[in-house]
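S.K.: Sharing a model prediction with you, sequence too.
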Amino acid sequence: MRAYKQQDLKRLDHSVLLLCLIVLTCTIVYPCARLLLEALSDWQWDTIRGRAGRLAIFNTIWMSLASVFTSCVVGTLVAFVVTRYRFPGRNALAALAYLPFALPPLVGTLSFFYLISSVGFIPRMMQEWLGFDSFSINGPVAVLLIHTYSFSVYFYAMVSASLESMDVSQLEVARTLGASKAKVFWNVTIPHLKPALMGASLLSFMTSAASFSAPYFFGDDFPYLSVEIYNERSQFNNGGAMTLSVVLGIVSLLGLVLFRSKHSPGATGTKGTPRVIASPSGKLLTGLIAWACMLLLLTPHLNIVYLSLVNHREWQDEVFPTIFTLENYTSLFQDASTFKPIRNSSWMSAFAVLGCLLIGLPGSYLIGRQRIGGRLVNLLIMLPWALPGTVVAMNLIIAFNDPDLPKSMQLYNTVALLPLAYFVRFIPLLTRMATVSVSQFDGTLIEAGQTLGASRGYCFRRVVVPLLAPSLLAATALVFASCLGEFVATILLYTPSNLPIGIQIFQQWRGSGLGSAFAYSVFLILLVTITLYATTRQKKS
């Protein structure tokens, strides 16, 4: 009987492995290989050697490294303060520090554009109140500022979790043995935090290299690889776009070499009690700093809501608009077609999530339970995580724009290509989260249920599903929110028939629909916030 079960289990493993390999080969391996071969056959050295190409490569590398440094300083500092000290506003700051997660890249960049660019509130105030004629923040400074705001949350989240798992008795022992605070920090605390710091650095580097919105809005004289790929593609220069895509892929993979950590986190211990700031002056100072940080975190969100209520036709030279209207919102309800971008984004994100579940769950089973082919499946699934969204989009364009393919696989300029891009981009996220739950699942529970006479299906419904459901629902919500806010690959792959909300915001902003663009942005923030809130609720349950 046991031999029969083992044979049955092997048959299941082989079936799951075959399914994963077929799907991942068609959607990930084939597009990557096809782009690489096409790029090598039509390689354009002039695109790289030209001024824009050379500067784009240099700017992308140094901006990614600078973004890692500034995000590390800001995020780690906030994590230390929130974790180690108790002060007025601490709990609120700890919660609001995750706000950048709820701000899609396009919407966040749009908000910063109306805060710090030449048409923004801050330059208007500097000009009106202090007499500065041409004050504005543009170019690399603006890009770095936006990246720091967006990516410091990676360091905050990972360092906070690492600090909370740190055994404070190690610090006490080191101090008792005569080590100075600085020596304890560098020899005890930093080694414990190294996996978290390296993981956050890798995320920040790769996300910065893939950044599109900030360089596009603020980089008029600051060439960036992702923007140059879009420009080459817009000018129908596929050879140049493919060449730059390969270069951007190499730059992104550089992050794996620089920030790969071979250290695992130390053992968990007692967190310790946060130090209470007792002095009145200390409480006042830390409270003011905490509320100032919360205001900075909220400013981009509040700015979008504020601008969505402005009558932009009447806003001319005033520093702050004085005429407000609800027409920006009511106009969205007057025509059913105005909600089409929201519906498009919702159903495409839902289909992408469904695809991630259908392949990510079997993949996480092979990886988490260390079944045959699990390492290969893990490598294939994680490959898109190392590729920027622009490169993923170019992979799909080149792979599925081939007349020699069967007609059912000629997906270019169809509504199917964009959900496929979402699937490719975010299946690593769902798979990694699901793998953690699967690897921690005790398989003897199923054997016990079957021993007591229950069928395999009954054990799956009543044992497996209830135990894995919370983390899987959280992963599903996070992937859905990520798909809603995706813009980098979307701008290269959308069609008029599946116009998503991000492209609608972009087109309204570039046209004459400023108010509608901000109203759509508020809707997008709400959708993302609701799904992320569902994620946190599932984690707590």
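M.R.: Thanks, I have it.
S.K.: got the phi/psi numbers for Pro88?
M.R.: With angles defined as degrees, to the nearest 10, Pro88 sits at phi -60, psi 130.
S.K.: ditto for Tyr494
M.R.: In terms of degrees, to the nearest 10, the main-chain angles of Tyr494 are phi -70, psi 160.
S.K.: For it, grab the count of nearby residues.
M.R.: 21 (other C-beta atoms under 10 Å). C-beta: built from backbone N, CA, C; applies to glycine.
S.K.: Just give the number of residues close to the closest residue to it other than its chain neighbours.
M.R.: Residue nearest to Tyr494 in three dimensions, not counting chain neighbours: Ile503, with 5.2 Å by C-beta to C-beta, 6 or more residues apart in numbering. Neighbourhood size, Ile503 [other C-beta under 10 Å]: 22.
S.K.: How about Ser408?
M.R.: Look at Ser408: counted by other C-beta under 10 Å, it has 7 neighbours.
S.K.: which SSE is the residue nearest to the spatial centre of the chain in?
M.R.: Central residue of the chain (C-alpha atoms, centre = their mean): Ser482, 6.5 Å from the mean position. Using DSSP states H and E, the element containing Ser482 is helix 465-485.
S.K.: hey, which helix or strand in the chain has the poorest pLDDT?
M.R.: Here the helix or strand of the chain ranked lowest by mean pLDDT, DSSP states H and E is helix 456-459, holding a mean of 58.
S.K.: now for the host helix or strand of Asn395, which elements pack on it?
M.R.: For Asn395, the host element (DSSP H and E) is helix 389-399. The contact analysis (3 or more C-beta pairs under 8 Å, 6 or more residues apart in numbering; DSSP states H and E) places helix 389-399 against helix 30-41, helix 225-234, helix 238-259, helix 417-440, helix 490-493.
S.K.: Okay, Asp42 and Trp291: tell me how far apart.
M.R.: 56 Å (C-beta to C-beta, to the nearest Å).
S.K.: before we move on, what about Glu38?
M.R.: Taking C-beta to C-beta, one finds Glu38 at 54 Å from Trp291.
S.K.: same thing with Pro140?
M.R.: 30 Å.
S.K.: And Asp335, by the same measure?
M.R.: 42 Å.
S.K.: okay but Phe135 is in contact with Gln127, surely?
M.R.: Yes. With contacts counted by C-beta atoms under 8 Å, Phe135 reaches Gln127, the gap being 6.3 Å.
S.K.: Where does pLDDT dip in the protein?
M.R.: 1-9, 165-181, 184-185, 261-276, 278, 436-468, 534-541 (pLDDT under 70).
S.K.: Which strands or helices does the longest helix anywhere in the chain pack on?
M.R.: Longest helix of the chain, by residue count under DSSP state H: helix 51-84. On a contact count with 3+ C-beta pairs under 8 Å, 6+ apart, helix 51-84 meets helix 45-49, helix 90-96, helix 139-164, helix 190-209, helix 225-234, helix 238-259.
S.K.: partners of the helix or strand just after it, with directions?
M.R.: Downstream of helix 51-84, the next assigned helix or strand under DSSP H and E is strand 85-86. Listed by DSSP bridges, the sheet partners of strand 85-86 and their directions read strand 275-276 (parallel).
S.K.: Just after the strand it pairs with, pick out the following helix or strand.
M.R.: Following strand 275-276 toward the C-terminus (DSSP H and E): helix 280-308.
S.K.: Tell me the buried residues in whichever helix or strand comes after that next one?
M.R.: Downstream of helix 280-308, the next assigned helix or strand under DSSP H and E is helix 327-334. Neighbour counts over helix 327-334 (16 or more other C-beta atoms under 10 Å) mark 328-329, 332 as buried.
S.K.: and helix 327-334 with helix 280-308, angle?
M.R.: When axes from the mean of the first three to the mean of the last three C-alpha atoms, to 10 degrees is applied, the directions of helix 327-334 and helix 280-308 differ by 50 degrees.
S.K.: Packing partners of the helix or strand that comes right after helix 327-334?
M.R.: Scanning forward in sequence from helix 327-334 by DSSP H and E, the next helix or strand is helix 340-368. Judged by 3+ C-beta pairs under 8 Å, 6+ apart, helix 340-368 is in contact with helix 2-24, helix 374-382, helix 417-440, helix 465-485, helix 501-510, helix 514-540.
S.K.: for helix 340-368, which positions count as buried?
M.R.: Here helix 340-368 shows 340-342, 344-346, 348-349, 351-353, 355-357, 359-368 as buried, counting by 16+ other C-beta under 10 Å.
S.K.: Equivalent analysis for stretch 366-381, please.
M.R.: Under 16+ other C-beta under 10 Å, the buried positions of stretch 366-381 are 366-368, 371, 373-374, 377-378, 380-381.
S.K.: Alpha carbons of that stretch, in CSV - could you do that?
M.R.: Output in CSV follows, covering the C-alpha atoms of stretch 366-381 (Å, rounded to 0.1, in the frame of the first residue of the first chain):
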residue,chain,number,x,y,z
LEU,A,366,7.8,21.5,-6.1
ILE,A,367,10.1,24.2,-4.5
GLY,A,368,8.8,24.1,-0.9
ARG,A,369,8.6,20.3,-0.6
GLN,A,370,11.9,19.9,-2.5
ARG,A,371,10.4,17.6,-5.2
ILE,A,372,12.0,16.6,-8.4
GLY,A,373,12.7,19.6,-10.7
GLY,A,374,12.0,22.1,-7.9
ARG,A,375,15.3,23.9,-8.3
LEU,A,376,14.8,24.3,-12.1
VAL,A,377,11.2,25.6,-11.6
ASN,A,378,12.5,28.1,-9.0
LEU,A,379,15.1,29.4,-11.4
LEU,A,380,12.6,29.8,-14.2
ILE,A,381,10.0,31.5,-12.1
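S.K.: Distance-wise, check Cys32 relative to Pro100.
M.R.: Taken as C-beta to C-beta, the span from Cys32 to Pro100 is 30 Å.
S.K.: correct me, but Ser252 touches Ser208?
M.R.: No. Counting by C-beta under 8 Å, Ser252 stays clear of Ser208, with 9.6 Å between them.
S.K.: With neighbour numbers in mind, choose between these two.
M.R.: Neighbour count, other C-beta under 10 Å: between Ser252 and Ser208, Ser208 has more, with 29 against 23.
S.K.: what sits against the more buried one?
M.R.: 63-64, 67-68, 147, 151 (C-beta atoms under 8 Å, 6 or more residues apart in numbering).
S.K.: rerun at 6 Å
M.R.: Residues near Ser208 by C-beta atoms under 6 Å, 6 or more residues apart in numbering: 64, 67, 147.
S.K.: my guess is the first one meets Phe205, correct?
M.R.: Yes. Taking contacts as C-beta atoms under 6 Å, Ser64 lies within contact range of Phe205: 4.8 Å.
S.K.: measure Leu193 to Trp347 for me?
M.R.: In terms of C-beta to C-beta, Leu193 sits 42 Å off from Trp347.
S.K.: cool, and Trp509?
M.R.: 24 Å.
S.K.: for Leu295, same thing?
M.R.: 37 Å.
S.K.: Check Asp220 too.
M.R.: 36 Å.
S.K.: ditto for Gln410
M.R.: Distance from Gln410 to Trp347, by C-beta to C-beta: 22 Å.
S.K.: JSON lines for the buried residues of stretch 366-381, including distance to Leu396?
M.R.: Formatted as JSON lines, these follow (distance: C-beta to C-beta, whole Å):
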{"residue": "Leu366", "distance to Leu396": "25"}
{"residue": "Ile367", "distance to Leu396": "24"}
{"residue": "Gly368", "distance to Leu396": "28"}
{"residue": "Arg371", "distance to Leu396": "29"}
{"residue": "Gly373", "distance to Leu396": "25"}
{"residue": "Gly374", "distance to Leu396": "26"}
{"residue": "Val377", "distance to Leu396": "21"}
{"residue": "Asn378", "distance to Leu396": "22"}
{"residue": "Leu380", "distance to Leu396": "16"}
{"residue": "Ile381", "distance to Leu396": "17"}
